[in-house]
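Novice: here's a sequence, model it:
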Amino acid sequence: MSSESSAAHLATAGADDLTSATEAAIANARAGIDHLKAGDFATPIAALETFDEAFAELGNVSAVANMVANSHPDESVRDAAEAAVETISRVITEISLDPEVYQAISALDLSDQDDATQYYLMKTLREFRRAGVDRDDATRSRIRELKEEMVALGLTFERNIRSDTKTLRVDPAALDGLPADFARAHPAGDDGQVAITTDYPDLIPFMTYSRDAKAREALLRLDRTRAYPANIEVFNQLLRLRQEFAGLLGYATWAQYITEDKMIGSDKAAAEFIARISDAATDRAGADYAELLTRKQVDDPAATTVDSWDRMYLSDRLKAEKLAFDTQSVRPYFEYNRVKSGLMGMLERMFGIRFTRCTDVPVWHDDVEAYDVTRADSGAQVGRIFLDMHPRDGKFNHAACFTMTVGKQTGDPETSRIPECALLCNLPKPGADPALLQHSDVTTFFHEFGHLIHHIIGGHQRWSGVSGIENEWDFVEAPSQLLEEWTFDAATLATFATHVETGEPLSDALVGKLREADEFGKGLQVRQQMFYATLSLEAHRANPDGIDVLAIERTAQETHTPFKHIDGTYMYLSFGHLEGYSALYYTYMWSLVIAKDLFTRFAAEGLPAPEASAAYRDAVLAPGGTAPAADLVHRFLGRDYTFDAYKAWLDS
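Specialist: Numbers count the residues shown, from 1 in each chain. The predicted model follows:
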């Protein structure tokens, strides 16, 4: 791929074209690997370049295919894309288990090269060893089989979630409390009932505003039975394969294996971190729950517990009554297109870039928008992004940034590539009525753009293998969580948050209420996250033979939260992070600890903090994965990060 990347064309291609592109990438990569093993190079750098390009070719086609599998409107194309991901994964596994490749890379003397090159070499050799390249023939053969089976099962797990949107039919009275535009978008059908789905644009507003507790319970039960029973054996088998894989490499559990090369260093440290966070939030969570129960007793004096389907509704009622803040009152200030423009404008000012809409770039659905990202000073292109922001059948049903092309900057236009990525989200779609966002939607939008901007700004390295978001896994959420802070800044919101009908700007007083409302229930939110983190970790620390993941889910929920597990539900089966993150869900809170500390420099300068923004861009984002994340943070803060800022936030 050149700087005029074929990613967009591949993303809009047919099934046969995807297959052809996959075959071509594999042929080119194998030719490069054969050249590497032959050892006919003038310099060690030339050999490393050949290796880097071979993996980049495979990785970029696989990345586009993965995005297509999660977004393309044509099921046959999605199926072909999944097949492409599996096929390329098999080839990557084959190469990573080839002792001749490992020996060729190990023999390279790069001691005279820069730190980024030496760091890349260290990471590459470590990844080969963690793949099992130094094991005997029989072990490597079994590892190859396991990797192929794990990829296939992972794709099945995700597909089962993606394809199982459920629908609840309720009496129109169940919409009492919902915004007027929501009610208009959900008219009664011929049977007199209203259809509410488990997709986020339905689920979140309904659970927050519907006054009908029985309908909220029914919808939550439906949501927590998605991918049931299909994913039970899929996930159990995935756990067994992961455990066997880890065992072949000398690890007691998959959790031990997968945490070893992260910032946290071990599964024991991860468990200790989860316990530390949960303990720190204990008093706050207890007070939060007591308030919810007291409020529930206003409606039901006999109530002795708060159920999971009550939490969001009661929290919203308390915000309205105790804080005198109606969360619906700010929705007219957050019209989708204005939020999008405002976010882009903010990033332009922070990082010295420009977003320009491209109308001549092919896209895979009419909803998708393409933008070129350029430097504000020179106009040089630094990346391309795609926004696929609204729900539809068969599409990824959460919110995430998907890599399409890993950038590379060699100084030669023929071998350089711009980074490209796509946001796949499920925000309300403009139509007859404006698409009004919850403030939580705005936060999600900013969060995912944090990943996007990290990939684009960090995607200009000499080596693809450390370009873009190639930091330790438990750091990658920090830039996204940091960007969320701007959604509570009055000056930032004043640039785009104007009333959709009157044009009135969002007042400072309302912004203060927004922050106060977001802080409300913080203890319960933190412990809810620790429930998810514990489920993720402990499912991968337990013996998978005869494992009862539902029991782990129940215990984790009732240890970290005051809400009882709902009998007959299986949340873990639609918890997509169990596939992608496996044991690593703790990383969200680990990254948040770092993000809170990063923000102290911005706060000290006062937003918009142009000097801090430029320093952050250059010290943390621009290096991509060319150094340990802790070193990047140290460069920005002038010290190691600490727990202090997070604790102050939690206790405030």
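Novice: helix, strand or coil for residue 157?
Specialist: The three-state label given to residue 157 by DSSP: H, G, I helix; E, B strand; the rest coil is helix.
Novice: for residue 572, see how far away it is.
Specialist: In this view, residue 157 and residue 572 are 11 Å apart by Cβ to Cβ, to the nearest Å. Using the backbone N, CA and C atoms, a C-beta is placed for each residue, glycine as well.
Novice: what do those two both touch?
Specialist: Common contacts of residue 157 and residue 572 (Cβ atoms under 8 Å, 6 or more residues apart in numbering): 235, 578.
Novice: for residue 298, the count of nearby residues, please.
Specialist: With neighbours defined by other Cβ atoms under 10 Å, the count for residue 298 comes to 11.
Novice: likewise residue 507?
Specialist: The burial count for residue 507: 14, using other Cβ under 10 Å.
Novice: try the one 5 residues further on
Specialist: By the other Cβ under 10 Å criterion, the neighbourhood of residue 512 contains 13 residues.
Novice: with just CA atoms, put the host helix or strand of it into CSV.
Specialist: Element membership of residue 512 [criterion: DSSP states H and E] is helix 508-519. C-alpha atoms of helix 508-519 as CSV (Å, rounded to 0.1, in the frame of the first residue of the first chain):
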residue,chain,number,x,y,z
ASP,A,508,-22.1,27.6,32.7
ALA,A,509,-24.7,26.7,35.3
LEU,A,510,-25.9,23.8,33.2
VAL,A,511,-22.4,22.6,32.6
GLY,A,512,-21.8,22.7,36.4
LYS,A,513,-24.9,20.6,36.8
LEU,A,514,-23.7,18.2,34.1
ARG,A,515,-20.5,17.7,36.0
GLU,A,516,-22.3,17.3,39.3
ALA,A,517,-24.6,14.8,37.8
ASP,A,518,-21.7,12.8,36.3
GLU,A,519,-20.1,12.6,39.7
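Novice: ranges for the strands of this structure?
Specialist: Using DSSP state E, the strands of the chain run over 167-170, 194-197, 353-358, 369-375, 381-388, 400-405, 420-424.
Novice: quick one, which of those strands is nearest to residue 36?
Specialist: strand 400-405 (22.5 Å; Cβ to Cβ).
Novice: packing partners for that closest one?
Specialist: helix 7-11, helix 44-69, strand 420-424, helix 439-457 (3 or more Cβ pairs under 8 Å, 6 or more residues apart in numbering; DSSP states H and E).
Novice: what average pLDDT does that strand get?
Specialist: Averaged across strand 400-405, pLDDT comes to 97.
Novice: which residue ranges make up each domain of the protein?
Specialist: As assigned by automatic domain parsing, the chain contains the domains 7-96+98-131, 167-223, 332-520.
Novice: how far does the last one stretch from one end to the other?
Specialist: From its first residue to its last, domain 332-520 covers 22 Å (Cα to Cα, to the nearest Å).
Novice: what residue lies at the spatial centre of this structure?
Specialist: residue 400 (4.5 Å; Cα atoms, centre = their mean).
Novice: and the lowest-mean-pLDDT helix or strand in the chain, what does it pack onto?
Specialist: Using mean pLDDT, DSSP states H and E, the weakest-scoring helix or strand in the chain turns out to be helix 508-519, at a mean of 91. Other helices and strands packing on helix 508-519, by 3+ Cβ pairs under 8 Å, 6+ apart, are helix 490-493.
Novice: that older thread, adding distance to residue 566, write the domains of the chain out as CSV.
Specialist: Listed next are the domains of the chain as CSV, based on distance: least, Cβ to Cβ, whole Å:
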stretch, distance to residue 566
domain 7-96+98-131, 28
domain 167-223, 6
domain 332-520, 21
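Novice: quick one: closest of these to residue 544.
Specialist: domain 7-96+98-131 (20.1 Å).
Novice: any idea of the mean pLDDT for that closest one?
Specialist: The model assigns domain 7-96+98-131 a mean pLDDT of 96.
Novice: ends of it, how far apart?
Specialist: 28 Å.
Novice: chain center to that domain: distance?
Specialist: 23 Å (Cα atoms, centre = their mean, to the nearest Å).
Novice: need the residues that contact stretch 36-44.
Specialist: Outside stretch 36-44, the residues touching it (Cβ under 8 Å, 6+ apart) are 47, 50-51, 54, 98, 100-101, 104-105, 108-110.
Novice: select only the buried ones of the residues you listed in PyMOL?
Specialist: In PyMOL, this line selects whichever of those come out buried by 16 or more other Cβ atoms under 10 Å:
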select buried, resi 47+50+51+54+98+101+104+105+108+110
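Novice: from the contacts of stretch 36-44, which is closest to residue 240?
Specialist: Within the contacts of stretch 36-44, proximity to residue 240 (Cβ to Cβ) peaks at residue 98, which comes in at 26.3 Å.
Novice: could you find the closest non-adjacent residue to that closest one?
Specialist: Nearest residue to residue 98, sequence neighbours excluded (Cβ to Cβ, 6 or more residues apart in numbering): residue 133, at 7.0 Å.
Novice: which residues touch that neighbour?
Specialist: Taking Cβ under 8 Å, 6+ apart, one finds 96-99, 101-102, 140 in contact with residue 133.
Novice: separation between the residue nearest to the centre of the chain and residue 70?
Specialist: When residue 400 is compared with residue 70 (using Cβ to Cβ), they lie 8 Å apart.
Novice: what residues are shared contacts of the two?
Specialist: By Cβ under 8 Å, 6+ apart, the residues touching both residue 400 and residue 70 are residue 424.
Novice: out of the contacts of residue 133, flag the one nearest to residue 276.
Specialist: Of those, the one sitting nearest to residue 276 (Cβ to Cβ) turns out to be residue 96, at 35.1 Å.
Novice: distance of that closest one relative to residue 423?
Specialist: 30 Å.
Novice: follow-up on the earlier one: export the contacts of stretch 36-44 as a markdown table, with columns for distance to residue 19.
Specialist: Converted to a markdown table, the contacts of stretch 36-44 look like this (distance: Cβ to Cβ, whole Å):
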| residue | distance to residue 19 |
| --- | --- |
| 47 | 31 |
| 50 | 26 |
| 51 | 25 |
| 54 | 20 |
| 98 | 24 |
| 100 | 29 |
| 101 | 26 |
| 104 | 30 |
| 105 | 30 |
| 108 | 34 |
| 109 | 40 |
| 110 | 37 |
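Novice: looking at the contacts of stretch 36-44, which is nearest residue 31?
Specialist: residue 54 (8.1 Å).
Novice: does the closest one touch residue 95 like I think?
Specialist: Yes: using Cβ atoms under 8 Å, residue 54 is in contact with residue 95, at 7.5 Å.
Novice: identify the contacts common to those two.
Specialist: Contacts common to residue 54 and residue 95, judged by Cβ under 8 Å, 6+ apart, are 29, 33.
Novice: which residues in the stretch 551-652 of the chain form helices?
Specialist: 577-580, 587-605, 610-616, 629-637, 644-651 (DSSP state H, counting those that start in this stretch).
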